[in-house]
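**Q** pasting the sequence and the predicted coordinates here, then a few questions.
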Amino acid sequence: MKSKPEYQCQVLGDSCLIFLFFDHISTENTQFILSLFRSLSSEKDFLDLVPAYCDIAIHFNPLLHTEQEVRIIVDQHLSKLEVKQDFLEKVHRLAVLYDGADLQRVSELTNLDEKEIVRRHSMVQYRVAMIGFLPYFPYLIGLDPTLQVPRLESPRTKVPAGSVSIAGEQTGIYPSASPGGWNLIGRMNPEKLKNLEPGDKVEFIEVKHEDQL
């Protein structure tokens, strides 16, 4: 990358800066953020790096770095950043029982039968764009455009742990029971989510019985 991209830097307390680059979700934007995340991971003095769809948060020790020094470090990485489409990431194959409570709703919204919904959802490879909302909750990009449906008008007060869900351009998996408004299409073993990291890839494997999860 020959020129430093523009960004907004937002201060969050005395030990965190958020670098905002984009205003919408896209595969290209995710590739940029994850490339920057991988590059900044070499900075061992940073306490934590939290990538999101359009920005990255950097938690730092204010006794080691000032805000200005953190910005200089980020600018140095940006000046030599190579945006990569493929990383040496892990691929996770997750078994899913497609029996979600919202399959019929998704079918009505997409004009696809439930079998075709399952086929299209499980035939692509997803990328973990970020982890958030709840600990271990992965936001996955790569959803077939024909399966993009809106969130529920009234969120559920309790979504079961392990629920595989879709909303808009995204697939997500609830690691624990919580309120939520995404469309539930299946379920899996939530313990498997603890192994996922930003940039990893995910493939869903349909199973027919609960004991296969």
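**A** Nice, thanks for sending it over. Numbering: from 1, shown residues only.
**Q** dihedrals phi and psi, the closest residue to Ser15 other than its chain neighbours?
**A** In space, and not counting its chain neighbours, Ser15 is closest to Pro62: 5.1 Å by C-beta to C-beta, 6 or more residues apart in numbering. All C-beta spots, glycine's among them, are computed from the backbone N, C-alpha and C. Reported as degrees, to the nearest 10, the phi and psi values for Pro62 are phi -70, psi -10.
**Q** centroid-nearest residue for the chain?
**A** Residue closest to the mean C-alpha point of the chain, counted by C-alpha atoms, centre = their mean, is Tyr139 at 2.5 Å.
**Q** returning to what we had before: how near is the residue nearest to Ser15 to Leu49?
**A** 16 Å (C-beta to C-beta, to the nearest Å).
**Q** more crowded one of these two?
**A** Leu49 (17 against 12; other C-beta atoms under 10 Å).
**Q** tell me the pLDDT at the more buried one?
**A** Looking at Leu49, its pLDDT is 96.
**Q** does it belong to a helix, a strand or coil?
**A** strand (DSSP: H, G, I helix; E, B strand; the rest coil).
**Q** burial count for the residue nearest to Val159 when sequence neighbours are not counted?
**A** The spatially closest residue to Val159, leaving aside those adjacent along the chain, is Gly180, at 4.0 Å (C-beta to C-beta, 6+ apart). Using other C-beta under 10 Å, Gly180 has 23 other residues around it.
**Q** same deal with Glu191?
**A** Quick note: Glu191 (other C-beta under 10 Å) scores 12 neighbours.
**Q** so it belongs to a helix, correct?
**A** Yes. Counting by three-state DSSP, Glu191 is located in a helix.
**Q** ok, it to Gln212 distance?
**A** 15 Å.
**Q** partner residues bridging the closest residue to Val207 other than its chain neighbours?
**A** Spatially, and ignoring its direct neighbours in sequence, Val207 is nearest to Ala95 (4.7 Å; C-beta to C-beta, 6+ apart). Note on Ala95: beta-bridge partners by DSSP bridges are Ile205.
**Q** where does the chain have low pLDDT?
**A** 1-4, 85-88 (pLDDT under 70).
**Q** residue ranges of each domain in it, please.
**A** Annotated domains of the chain cover 8-79, 91-212 [automatic domain parsing].
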